[in-house]
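Novice: Predicted structure and sequence below. I'll ask about it afterward.
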Amino acid sequence: MDITKIIDPLNDAQRQAVTAPSTATLVLAGAGSGKTRVLVHRIAWQIQVLGLSPHNILAVTFTNKAAKEMRGRIEELLNIPTYSMWIGTFHGIAHRLLRRHAQQAKLPESFQVMDSSDQLRVIKRLLNTLQLDEAKWPPKQVQWHINGQKDEGIRAKHTREGHDPYQRQMLAIYRAYEDFCERSGMVDFGELLLRAHELLRDDPELLAFYQQRFLQIHVDEFQDTNTIQYAWLRLLSTDKDNLFVVGDDDQSIYGWRGAKIENLYSFQKQHPQHLLIKLEQNYRSTSTILKAANSIIAQNDGRIGKELWTDSGDGEAISVYSAFNELDEAYFVVERIRAWVNQGGARSDVAILYRSNAQSRQFEEKLMATNTPYRVYGGLRFFDRAEIKNAMAYLRLMSNHGDDASFERVVNTPTRGIGASTLEIVRQVAREQGVSLWVASASLIDQGRLSARASNALKTFLQLVLRLAEQAEALELFEKVKLVVESSGLLAFYKQDKVDKGEEKAENLEELVNAAKLFDANQENPDSLPELDLFLAYAALESGDMQADDFEDCVQLMTLHSAKGLEFKLVFMVGVEEGLFPSQQSVDDIGRLEEERRLCYVGITRAMQQLCVTYSESRRLYGRESYPKPSRFLKEIPAELIQEVRIRAHVSRPAAVSAYKPERLTSSTSSYKLGQRVSHEKFGEGIILQLEGDGAQERVQINFKQVGVKWLMLSYAKLQVMAG
DNA sequence: TTGTTCCAGCTTTTT
DNA sequence: GCTGGAACAA
């Protein structure tokens, strides 16, 4: 047995963690301190030295990427297959449990997973049926409320009807939403976790089964767990003290989406005998960078406390550049990158990190202007694209006719003459009879309660889906997808669409067939569940990773949040200004301010060799010129670590932007005049306010007595000149 | 069905 | 000040 491979590459603290006895263990892992290595080697140790079967191990992460990496590294280290080991995201594992035990979880066998945009659509439709004004009940806010409740493990039935009208209405919406999901077999992300928790909690036999199976439970990024996730972990580990959690309270940056840093403290309280191991030796950054990071994070209260150190050298000072404006800032950064590349540095070792996505633009422009390849992270992922979602909706509908959200999505995509009024009737019947849109449509057709045209169109649609389902039955997964893409009419629809990037969309649809092929090849499916349902869930749960296309040597642009877990030799932290970073919305609340500070800590510790911080003396924000102060975080870096860049890379005081605005030209050919009284057959009497355009394009703005101000095309509107 | 105008909103993001 | 979505005119 070769344990040197497992033990030798570790430092003392890491080794202590890896070889720790099976007891509640908290590994406080600073940035760049080898956190993943500890998890991987710990699992390897348990298998190779303690003789555990991979079958007995559970490892939970937050992202698919992290899960994949962990599995890969374990396989590499041990050279054994790991398919029997449960490694995955909280959501992925919850999903697996629910699929396995759909019946006990009171879910239909082919329940569907909704992603957040699906969820938002459902909520919008729900508000509509409840006849609530979206302005008063913003769908986003409703979504936030519902997800918040689920994260806390609260269902509608747990909430007492209070007196606060707002709360009462929210509760009513939540209840209606739950009903809808129940009826149509839809499960959102929060529901996956909540349902999985309830499943184990309410079924002692099942719980005992999994408790006996998972002898060791490992949790990555524990500071990001929310209430229900931690509750779920505790259920599984009851009486066993077999939780091995790794996290860093200083890198908790997701409080705003329900992460409870308190879970770290509760863990310590609930396991008084727990083992606490701090990983403080950093293998990533220079001592200068670490000193800056330590000094900033020290400003926060209530930390468990640790200090990063390294035995590598001081390295270069931190450059701070005060830009004249945001263009100058971009210019400076791009110049620096050019110098780096000229000295033989790789572009992919360089990252530009910003607080908000909107900041990427000026950097993109400058990079483009200098022909520097770059890649912006974030944005639409493959499975989030409308054309992909449409294809998936057909597949879902084939698998589950009760999926109203998918029904709505594709009933008239591509257009087949099923208009809003027909749909409204269908919805109404569905509501009255408490059935799905599918069933309502079928009965409406049977009873001949629709116009012949609407009835036929609807019938064509239902038959299309039925036919697809029938034809797909015997096919391989990728053939099913191919069938749907081609026979639904989607592909043809996008191919003929010349204006709206239709070609690209058609290509994406073809790519979807490939994705299905790949999925099929990689899928283990130990529980032999329907592959189509698994693929659909995969699309919702793992929407990223499809865009890892070009391997070109690129500069990396991303938000500070998405940089977590990554490292770069040269890091630019830009826009480090009060109001931007920390964000204006966070400065009045100490808790949120501290989270911003942790974000700053995360940003700084991404840098391996060189860190460059920039701020601008003036910045255009929401269309207004602002003159922000340098961020307070800058002052928290000891001055001796900083080298201010004095020279202006480029004095780019912009020439005063011309105030010229083309005025709306008054049409000379018109027979109408300003102030002219006219009358319109539909809108009645009014007075001309403005004229523009010529000939067929000529338009007039008219203030109508009855209906107010409107723009009308003169060539269409039949206006009568009135005396007056 | 399509093209235009209007209007709110505006941190961070994974699953 | 820009952008995406809703509302509206044709």
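Specialist: Sure thing, it's come through.
Novice: residues contacting A:Asn56?
Specialist: A:Arg213, A:Phe214, A:Leu215, A:Gln216 (C-beta atoms under 8 Å, 6 or more residues apart in numbering). Just so you know, the C-beta spots here come from the backbone N, C-alpha and C atoms, and that holds for glycine as well.
Novice: what's the pLDDT at it?
Specialist: pLDDT recorded at A:Asn56 is 94.
Novice: residue ranges for the helices of the stretch 551-700 of chain A, please.
Specialist: For the stretch 551-700 of chain A, helices defined by DSSP state H, counting those that start in this stretch occupy the ranges A:560-563, A:590-604, A:632-635.
Novice: With mean pLDDT, distance to DNA strand C and mean neighbour count as extra columns, can I get the ones you listed in a markdown table?
Specialist: Shown next, in a markdown table, are the helices of the stretch 551-700 of chain A (pLDDT from 0 to 100; distance: least, C-beta to the nearest atom of the strand, whole Å; neighbours: other C-beta atoms under 10 Å):
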| stretch | mean pLDDT | distance to DNA strand C | mean neighbour count |
| --- | --- | --- | --- |
| helix A:560-563 | 93 | 18 | 18 |
| helix A:590-604 | 95 | 22 | 22 |
| helix A:632-635 | 94 | 25 | 19 |
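Novice: and these as CSV, adding distance to A:Met70?
Specialist: Output for the helices of the stretch 551-700 of chain A, formatted as CSV (distance: least, C-beta to C-beta, whole Å):
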stretch, distance to A:Met70
helix A:560-563, 19
helix A:590-604, 20
helix A:632-635, 32
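Novice: At the contact with DNA strand C, which residues of the stretch 1-150 of chain A appear?
Specialist: Selection of the stretch 1-150 of chain A residues close to DNA strand C by C-beta under 7 Å from any atom of the strand yields A:Lys124.
Novice: OK, now which residue of the stretch 1-150 of chain A is nearest to DNA strand C?
Specialist: Using C-beta to the nearest atom of the strand, the closest approach of the stretch 1-150 of chain A to DNA strand C is made by A:Lys124 at 6.3 Å.
Novice: next structured bit after whichever strand or helix holds that residue?
Specialist: Element membership of A:Lys124 [criterion: DSSP states H and E] is helix A:116-129. Next helix or strand after helix A:116-129 toward the C-terminus (DSSP H and E): helix A:139-151.
Novice: Check which helices and strands that next one sits against.
Specialist: Counting contacts by 3 or more C-beta pairs under 8 Å, 6 or more residues apart in numbering; DSSP states H and E, helix A:139-151 packs against helix A:116-129, helix A:165-184, helix A:189-201, helix A:227-237.
Novice: Give the buried residues for the third one.
Specialist: Going back to what we said before, that points to helix A:189-201. A:Phe189, A:Gly190, A:Glu191, A:Leu192, A:Leu193, A:Leu194, A:Arg195, A:Ala196, A:His197, A:Glu198, A:Leu199, A:Leu200 (16 or more other C-beta atoms under 10 Å).
Novice: before we move on, what about the shortest one?
Specialist: Applying a neighbour-count criterion of 16+ other C-beta under 10 Å, one finds A:Thr227, A:Ile228, A:Gln229, A:Tyr230, A:Ala231, A:Trp232, A:Leu233, A:Leu235, A:Leu236, A:Ser237 buried in helix A:227-237.
Novice: What is the nearest of those to A:Ser451?
Specialist: Using C-beta to C-beta, A:Ile228 comes nearest to A:Ser451 of those, at 48.5 Å.
Novice: on that earlier part again, buried only: go through the contacts of A:Asn56 for me.
Specialist: A:Phe214, A:Leu215, A:Gln216.
Novice: now, which of those residues lie within strands?
Specialist: Judged by DSSP state E, the subset of the buried ones among the contacts of A:Asn56 located in strands is A:Gln216.
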